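J.: Quick check, what structure comes out for this input:
(2 chains)
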Protein chains: 2
Amino acid sequence: MATVTGKLVAVVVAVVVTVLCFVTGLFIGWFFLDHPASSTSEGSDSNMTHYPPSSASSSSFGSLGQGHVTEPDPTVSARLIQEVQASNIEQYLRVLSERPHLAGTEGDERTVDYVEQELKKMGYDVTLAPYDVLLSYPAKQHFNKVTMLDGRRRNAIFTSDVGATTGSDWDSEVTPPYCMYCPSGKVQGKLIYANYGRAQDFRTLEKLKVDVNKAIVIMRYGKISRGKKVREAAKRGGKAVVLFNDPADVNINMTYNVYPATWWLPEDDVEHGNFRTSWGDPATPGRAAVDGAYRIPEKQMDLPSVPCHPVSYRDARILLQNLEGEKAPEEWQGQLGFEYHVGSNTPGALPVEVDVKNNLETRRVYNVLATLPGATEPDRVVLVGNHRDAIAYGALDPGSGTAVMLEVARAFMALYTQGWRPRRTVMFCSWAAEEFGVIGSTEWVEERRRWLGDRAVAYLNLDTVLQGNYSFDVSATPSLQAAVIRAAGKVTDPHQPDKTVLDVWRTRITDDRSPGLPWIRRPVSMTDFQPFIHLVGVPVTHSRYSFVEQDGSLIYPVRNYPLYHTVYDTFPLAAMMDPDLAVSTAVAAIMAELTRDLADSPILPLVPRDFATDIATHMDRALQSSPQELHHHIYYLKAAINDFLTASTTLQSHIDSLELHTVDPFQVRRINDKLMLYEREFVDHQRGQHLILSHGSNSNPSLDEQTMSDMIQAFRAATHTLST
Amino acid sequence: MATVTGKLVAVVVAVVVTVLCFVTGLFIGWFFLDHPASSTSEGSDSNMTHYPPSSASSSSFGSLGQGHVTEPDPTVSARLIQEVQASNIEQYLRVLSERPHLAGTEGDERTVDYVEQELKKMGYDVTLAPYDVLLSYPAKQHFNKVTMLDGRRRNAIFTSDVGATTGSDWDSEVTPPYCMYCPSGKVQGKLIYANYGRAQDFRTLEKLKVDVNKAIVIMRYGKISRGKKVREAAKRGGKAVVLFNDPADVNINMTYNVYPATWWLPEDDVEHGNFRTSWGDPATPGRAAVDGAYRIPEKQMDLPSVPCHPVSYRDARILLQNLEGEKAPEEWQGQLGFEYHVGSNTPGALPVEVDVKNNLETRRVYNVLATLPGATEPDRVVLVGNHRDAIAYGALDPGSGTAVMLEVARAFMALYTQGWRPRRTVMFCSWAAEEFGVIGSTEWVEERRRWLGDRAVAYLNLDTVLQGNYSFDVSATPSLQAAVIRAAGKVTDPHQPDKTVLDVWRTRITDDRSPGLPWIRRPVSMTDFQPFIHLVGVPVTHSRYSFVEQDGSLIYPVRNYPLYHTVYDTFPLAAMMDPDLAVSTAVAAIMAELTRDLADSPILPLVPRDFATDIATHMDRALQSSPQELHHHIYYLKAAINDFLTASTTLQSHIDSLELHTVDPFQVRRINDKLMLYEREFVDHQRGQHLILSHGSNSNPSLDEQTMSDMIQAFRAATHTLST
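T.: Next comes the predicted model:
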């Protein structure tokens, strides 16, 4: 019996153990194992978050692992940051800036090949997106110029120069300075000085009784876009336009210590660029310039209407010195070393001739697109992009950005080779023809508009990363502020190894409204993030270093680096501004980490509450300056903004309280779709414009009834998306 | 040693068994168990599919169960179909058609309350979506009329009647016949007969040298919309318009065996309705008419431009009998019992006066929305809808549809109460003010445009379910054809109990191109599916019975039921056309099953391949009639269509070969998003128009360069969505 009992006990125990093991297996299988995919969980990533702690990487995410809601590998962040190498950035930059590469030229095609080959070498799936777009070039056999004539309009007293050269073997490929898209023409008239060419400047001229009609208007670059200056002049009857950079803006106090010794603009170099006020291919507004696209007739295109030409400040000096008429107002005076006058239309004044021959030409340009497919959610995409074309050698604009982007791509692939797989798809985009009006990116976004609307998580723009070297400087959609601040908090400062980029940034570009945080600008400049914002409503960042620094202190808050859009934007300039490529490397590290965060966090690191808060503050100011007879609409708009604020806060609380191991994949997708899609509601598809992000953070646009009505509906719709 | 060996063996065996059990448990847990959610798997649903076998319910779906990709309960289909009851439909229909309920009137508000209460009683979460929209009514103290004057234009020889009555106590609430949105005016002129008022009819008049300028134009209803008739007449200088239904269209051969004995139109009854050519609230085009919406000034609205009035054919007889001028062409002759003449502008002809006083009034109307939240994917929505407002009593239009929809909603809730949970959200929508130009649904779609774009799986429209009783008849987006055919194959025919609805349908409305399948029309009529198609690109169906049947044979293919839009559209008419509500019950059963299929199938039962095939055939015809100088564009368009066809076939093969138990939830969502989203690419947001479904299946629109260009890009974009 004892033996039988013993055997019975043994059998019972064996059965119980077996059943327990089965149940345990069942439980583990059900609860902890990944379904067939990629990533592995290796503990909490709470040590990865520096500042500020974000919901997306908070410790509540430490124990997920059910279904495909897998925790990202916490080591990837540091490994990516370490992977980024200055030497690679330098090598990319050298090659990219070796030869002039204006869009549509042979030099441009060479960069297409180079970027394509580099990305392929890394291991990427690379495609080219070609577009046949309308570009503008100076006529080959003609010499665009501004001439000062004698009183009889027969002989040239003075003729403007063709522009500076660098001494490179490739100088022969530099396109001489010209005003893109301005029409051809040989126009004579009296010269009038109009300061920066703003509407207020022309009003000043009116007060001074200076008639712009039939005159040739000379203006200095700055304050507003080139295209707007010409539009303002042409609107008032100006027959032609001459542009120059005043030393007051690009060579303060005429130190004459200029390039190549420093980064100040020499007297013989000429800024030039695009003169349209709209963006994208001028022949296919609203459509992609692909095979079979309808192209509008030239007379329907939005192009500048009068001949224009840019000159050096050496040439501008001669033109301005001969101006008669009243003394220009105090704030119109520049630093050419004499008293500026506004000019006059009297018969005695010396006439000036602008002689321009430009051609519109349809040329094929290429975006280069490299894709790293996501392991779990390949249909969600994080995009990193920068334009590739340049005014001439383009070491800073855009080489410094492209070099950084290539290094980010290389770092991503290095980790991929080591076995890491990002949750979502990452795309690196090298855009064409940005200098002609954001054309390459716009055509692609037009082609992929709804696809991007359905899938794009964020677009991270680079451009002139070395716009300066004083401080990291970011423009961004407010919902991405926390993520970019967090990334900057993980990267060592290029100049102070005991600090992070964020530590320095928050002391150099401060935000009065949020003490302790850096000020993040609204994304309003004219670069490749525009189509993502205005045609789709994708959250964007635009990252760079800005402001010139010398011996550790800020010496001048220039609107841009003084050699911007000139032939002297070369590799030596980059080496001067960023000696060991330390700044570029820091930006690459931040971009890599930000991209990783967006591509790999189970819950997207987008914060609609930050968007709502920023917008509420901004709109409050705008509404104060709005006509009071619209009080009915103001009431509804305020209520709609308030509801949006509440909905975004509620969603944030929900996300903060989530324990991901209790959540199924469809719930995660539902939350992420809210985070990704609510901003799409702010795009006005008929006008191709974001209703909120069209204005800078400090502008107070007066809102009319229609705009308010559209905003009311957009805020309500965004609230509905966040709430349902 | 033997014992030790034996024990060792026992231990090894025990360990092996234990490990095996653990691994088995692990495997089962990983592979077969649901994560915490709703539905249960009870075997294959292959027996549920009748015809044709669809991918979404093929046997390859029999073994799913991983993650949240759960198989739907296979018993639900039959239970839903059985749940639908004729007695309920009858009760709903009686109440709905008891009292006139023109949009914006007291009777309309009563139906809002009724539908809301019924849905709440069932257990639904019900919300009202209110809109303040611009409606049009005849002035209260005025009697709109057409008068025939004596030669001196002093005395009325004849004055049109006010329209028929039903004898109901509620007749006093019937709005007299009028032309919605036509302006007020008292206009005199010579009467000209213009047949159906098509452009070709006016060209015929021109050939006959009959001048329409300053004349009053009398036209019969039919062939084109009311609004287009008026536009054609006004374009040619017509001062006013008179409309009537000719017996040739509504009382063949003047049998005089009319309502209430039959469904033919009596001589005293008058059709009326909306006369605009655009849809949605006229004051807020492109925007929802919510609080704070911008409303355009009246002069910018797209409204008919001349006074109009509808008369009975008894009154039309008198007007037409007095017409002089040439004999009207043979095909213009109607069945009023005399030879029709075209009229003349000679001084001798008797003048006619149209005297109309209509008011535009902003009134609040309500959509009633009932929601059944999805258990697994609440952010994916299947919508079922029908308008609620009527010209008068509206038993058929729209009562027969609303009664069916309410019964479908009731059946869904009955199964929900029994524990069933649909995978996706289902919404039942009772739209307002459709008769004034599809206003209620349009305003809601405008308000929820992007939300619907992100989430709407399909919109299933009802309207006049009893447009006839001869055959089930469907208009649908081609991608929904298979699903609706499959649903009709599961429901018993209302007249032949040994057959399914599909069995009869496919013999009565045949498709030459697909022998054995019923012909499914393009969704082009003016009803509530319009905004879903044209503003969002949601696949739609529109289901009804059509064609009058007597003693089992088709007696007349009327364009609509003859009492359409008259006061005689009453419950007795419904009872006459559908004696035991058998037809209505069959439609309700089909709608319930179709809704279930869309809401509950793991892979959406949308077939882009069917869309592609239908479109390819259609476009091929259209391209044949397109200008040959566009051969460049035709080439690209054909290539784009071909690529789209290939992509849709590839995706279908992928779906057909799927074994769901090997697929994770994100992969299922990715496939479903492709199926749901590709059609959105065909919406032209600037024009508010679907590029493909704007034309009927048999029309061959000549395509211009811009349209082709847009189509090329849409097909390519749809291909990209299906492929990536």
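
J.: Next, count neighbours for residue A:243.
T.: Neighbour count of residue A:243, defined by other C-beta atoms under 10 Å in any protein chain shown: 26. C-beta here means a position set from N, CA and C on the backbone, and glycine is covered the same way.

J.: do you know how far it is from chain B?
T.: 35 Å (C-beta to the nearest C-beta, to the nearest Å).

J.: Contact partners for the residue in the stretch 351-500 of chain A positioned nearest to chain B?
T.: Using C-beta to the nearest C-beta, the closest approach of the stretch 351-500 of chain A to chain B is made by residue A:379 at 4.8 Å. The contact partners of residue A:379, taken as C-beta atoms under 8 Å, 6 or more residues apart in numbering or on different chains, are A:425, A:454, A:455, B:670, B:673, B:724.

J.: Name the SS class of the fourth one, please.
T.: When states are read from DSSP: H, G, I helix; E, B strand; the rest coil, the local structure at residue B:670 comes out as helix.

J.: One more: the first one?
T.: Per three-state DSSP, the local secondary structure of residue A:425 is strand.

J.: Could you tell me how far stretch A:100-119 lies from the centre of the chain?
T.: Average the C-alpha atoms of stretch A:100-119, do the same for its chain, and the two points are 20 Å apart (C-alpha atoms, centre = their mean, to the nearest Å).

J.: Contacts only, for residue A:268.
T.: Shown in contact with residue A:268 (C-beta under 8 Å, 6+ apart): A:161, A:163, A:164, A:312, A:314.

J.: Double-check that the third one belongs to a strand.
T.: No. Secondary structure of residue A:164, determined by three-state DSSP: coil, with no strand assignment.

J.: Residue A:563 is in contact with that one, correct?
T.: No. If you go by C-beta atoms under 8 Å, residue A:164 and residue A:563 don't touch, sitting 10.2 Å apart.

J.: Overlap in contacts, these two.
T.: Contacts common to residue A:164 and residue A:563, judged by C-beta under 8 Å, 6+ apart, are residue A:269.

J.: ok, the two, which is more surrounded?
T.: Legend: neighbour count by other C-beta under 10 Å for residue A:164 and residue A:563, higher for residue A:563 (26 against 22).

J.: What backbone torsions are found at residue A:388?
T.: Main-chain dihedrals, residue A:388, degrees, to the nearest 10: phi -110, psi -30.

J.: what's the nearest residue to it if we skip its chain neighbours?
T.: residue A:430 (4.6 Å; C-beta to C-beta, 6 or more residues apart in numbering or on different chains).

J.: Doesn't that neighbour belong to a helix?
T.: No. If the criterion is three-state DSSP, then residue A:430 is strand and not within a helix.

J.: my guess is it meets residue A:386, correct?
T.: Yes. If you go by C-beta under 8 Å, residue A:430 and residue A:386 touch, sitting 6.5 Å apart.

J.: These two: who's more crowded?
T.: residue A:430 (31 against 28).

J.: any common contacting residues for residue A:430 and residue A:386?
T.: With C-beta under 8 Å, 6+ apart, residue A:430 and residue A:386 have common neighbours A:402, A:405.

J.: OK, contacts around residue A:681?
T.: Counting by C-beta under 8 Å, 6+ apart, residue A:681 makes contact with A:537, A:714, A:717, A:718, A:721, B:450.

J.: what are the ranges of the strands in the stretch 551-700 of chain A?
T.: Along the stretch 551-700 of chain A, the segments classed as strands by DSSP state E, counting those that start in this stretch run A:553-556, A:683-684, A:689-690.

J.: Lowest mean pLDDT across these, which one is that?
T.: Lowest mean pLDDT within the strands of the stretch 551-700 of chain A: strand A:553-556, a mean of 63.

J.: Quick one: name the residues of the stretch 251-400 of chain A near chain B.
T.: A:286, A:287, A:288, A:290, A:291, A:292, A:293, A:294, A:376, A:377, A:378, A:379 (C-beta under 8 Å from any C-beta of the partner chain).

J.: What values do phi and psi take at the first one?
T.: Listed backbone geometry of residue A:286 is phi 80, psi -10, with angles given as degrees, to the nearest 10.

J.: Please apply the same query to the third one.
T.: Residue A:288 has phi and psi values of phi -80, psi 140 when expressed as degrees, to the nearest 10.

J.: residues making contact with the helix or strand hosting residue A:217?
T.: Using DSSP states H and E, residue A:217 sits in strand A:216-220. The contact list for strand A:216-220 (C-beta under 8 Å, 6+ apart) reads A:187-197, A:201, A:229, A:233, A:238-246, A:248-249, A:316, A:319-320, A:334, A:343, A:352, A:354.

J.: So which of those residues sit within strands?
T.: Members of the contacts of strand A:216-220 lying in strands (criterion: DSSP state E): A:187-193, A:240-244, A:352, A:354.

J.: Return the set of buried residues in the helix or strand harbouring residue A:714.
T.: Using DSSP H and E, residue A:714 sits in helix A:705-723. Across helix A:705-723, burial judged by 16 or more other C-beta atoms under 10 Å in any protein chain shown covers A:705, A:707-722.

J.: try stretch A:188-208
T.: Across stretch A:188-208, burial judged by 16+ other C-beta under 10 Å covers A:188-198, A:201-202, A:204-205.

J.: and which of those is nearest to residue B:489?
T.: Nearest to residue B:489 out of the buried residues of stretch A:188-208 is residue A:198 (C-beta to C-beta; 71.3 Å).

J.: Which residues are in contact with that closest one?
T.: A:223, A:224, A:228, A:229, A:232.

J.: For the closest residue to residue A:212 other than its chain neighbours, which residues are in contact?
T.: Closest residue in space to residue A:212, ignoring its immediate chain neighbours: residue A:236 at 4.3 Å, by C-beta to C-beta, 6+ apart. Residue A:236 sits next to A:202, A:212, A:213 when contact means C-beta under 8 Å, 6+ apart.

J.: Relative to residue A:357, how far out is residue A:236?
T.: 25 Å (C-beta to C-beta, to the nearest Å).

J.: how about the strands in the stretch 251-400 of chain A?
T.: Assigned strands in the stretch 251-400 of chain A, in chain order: A:273-274, A:308-310, A:351-356, A:358-372, A:377-387 (criterion: DSSP E, counting those that start in this stretch).

J.: overlap between the buried residues of helix A:705-723 and the residues near chain B?
T.: A:705, A:708, A:709, A:710, A:712, A:713, A:716, A:717, A:720, A:721.

J.: can you list those residues in CSV and add distance to residue B:496 and pLDDT?
T.: What follows is these, written out as CSV (distance: C-beta to C-beta, whole Å; pLDDT from 0 to 100):
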residue, distance to residue B:496, pLDDT
A:705, 60, 90
A:708, 60, 92
A:709, 55, 94
A:710, 55, 95
A:712, 55, 96
A:713, 51, 96
A:716, 51, 97
A:717, 49, 98
A:720, 47, 98
A:721, 48, 98
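
J.: wait, which of those residues is closest to residue A:413?
T.: residue A:721 (35.0 Å).

J.: residue contacts, the nearest residue to the closest one once chain neighbours are set aside?
T.: For residue A:721, ignoring the flanking residues on the chain, the nearest one in space by C-beta to C-beta, 6+ apart is residue A:678 at 4.4 Å. Residues near residue A:678 by C-beta under 8 Å, 6+ apart: A:608, A:718, A:721, A:722.

J.: May I ask which two of those are separated the most?
T.: A:608 and A:721 (9.3 Å).

J.: Identify the contacts common to the two.
T.: A:674, A:678.

J.: Output the set of residues of the stretch 501-650 of chain A in proximity to chain B.
T.: So far as C-beta under 8 Å from any C-beta goes, the stretch 501-650 of chain A lies against chain B at A:632, A:633, A:635, A:636, A:637, A:640.

J.: Sounds good, over and out.
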